[in-house]
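**Student:** Kindly generate the corresponding structure for this input.
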Amino acid sequence: MQPAQIAPRIAPRDRLIVALDLPSVAAAEAMIDRLGDSVTFYKIGYQLGYAGGLVLAKQLAGRGKKVFLDLKLHDIGNTVARGVESVATLGATFLTVHAYPQTMTAAVEARAGASLKILAVTVLTSYDDADLHAAGYRLNVSDLVEARARQAQALGVDGLVSSPEEASALRKIVGGQMNLVTPGIRPAGSATGDQKRIMTPARAIAAGADYLVVGRPVMEAADPKAAAEAIHTEIAQALA
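**Tutor:** Residues are numbered from 1 along each chain as shown. Modelled structure (predicted):
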């Protein structure tokens, strides 16, 4: 088991992670060009990852951008470990795994010596208590998130992915030793989409989030670069 490191100071503009939830590398490259220097950190998930996005991740890292690979690994320990070892060669900053003890242990051990940071996904932001109960869980969302956070910290995981609604409670549990990454961010006036536990950028930062993942409110904006800059401004005001 590797101990989690105290989270370093975060450059203000690195706090916004734009989710490249797009169907092709060509579409992603076009969006990256539109965003220019307004975005330093990108998330690549299933859709783009399975369409050539892992190669793009390595290219982005080579250009000095930060990359969050949201692959949510969860399998037997050996399989997770081999996957983490492969991802570590791409130059990504973050990689997600589901917050099951065996999975987290394998991921932490496999990333030893690499710059890659492991993030544990507590409970998906599209889930509420009813969804958990339907899946066979007895705990409600907040209790399961907190239990998994404690396990992740004990196992040496570098950070947590959770709804911004849980950020304040999680910050009290993990202190400054783990990064808190929050999807479900919606600027005021944005559609909620399929997210059930959401928050504005300013409120999420005030609650203790370190990084904010934003997709559709930026990519579907008439001017994505202006939308990103507006979020940067809101983050800066919250930090001040």
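**Student:** helix/strand/coil for the most centrally placed residue in the chain?
**Tutor:** Here the mean C-alpha position of the chain is nearest to the C-alpha of Val181 (C-alpha atoms, centre = their mean), at a distance of 4.8 Å. The local conformation at Val181, judged by DSSP: H, G, I helix; E, B strand; the rest coil, is strand.
**Student:** Look up phi and psi at Pro164.
**Tutor:** Per-residue torsions, Pro164: phi -60, psi -20 (degrees, to the nearest 10).
**Student:** my guess is Glu165 is in a helix, correct?
**Tutor:** Yes. Counting by three-state DSSP, Glu165 is part of a helix.
**Student:** Ile118 is in what secondary structure piece?
**Tutor:** According to DSSP states H and E, Ile118 maps onto strand 117-121.
**Student:** next one: that strand to chain centre, how far?
**Tutor:** 8 Å (C-alpha atoms, centre = their mean, to the nearest Å).
**Student:** quick one on the thing from earlier: can you tell me the closest non-neighbouring residue to the residue nearest to the centre of the chain?
**Tutor:** Spatially, and ignoring its direct neighbours in sequence, Val181 is nearest to Tyr211 (4.5 Å; C-beta to C-beta, 6 or more residues apart in numbering). Every residue, glycine included, has its C-beta placed from N, CA and C.
**Student:** Can you tell me what sits against the strand holding Ile118?
**Tutor:** 68, 72, 84, 93-99, 104, 107-108, 111, 148-149, 152, 157-162, 179, 181 (C-beta atoms under 8 Å, 6 or more residues apart in numbering).
**Student:** and with 6 Å instead?
**Tutor:** With contacts defined as C-beta atoms under 6 Å, 6 or more residues apart in numbering, strand 117-121 is touched by 72, 94-96, 98-99, 104, 107-108, 111, 152, 157-161, 181.
**Student:** Those residues in strands, which ones?
**Tutor:** 72, 94-96, 98, 159-161, 181 (DSSP state E).
**Student:** Now rank those by neighbours and give me the top one.
**Tutor:** Highest neighbour count within the ones in strands among the contacts of strand 117-121, by other C-beta atoms under 10 Å: Leu160, with 28 neighbours.
**Student:** Tell me who's in contact with it.
**Tutor:** Here Leu160 is in contact with 120, 122, 149, 178, 180 (C-beta under 6 Å, 6+ apart).
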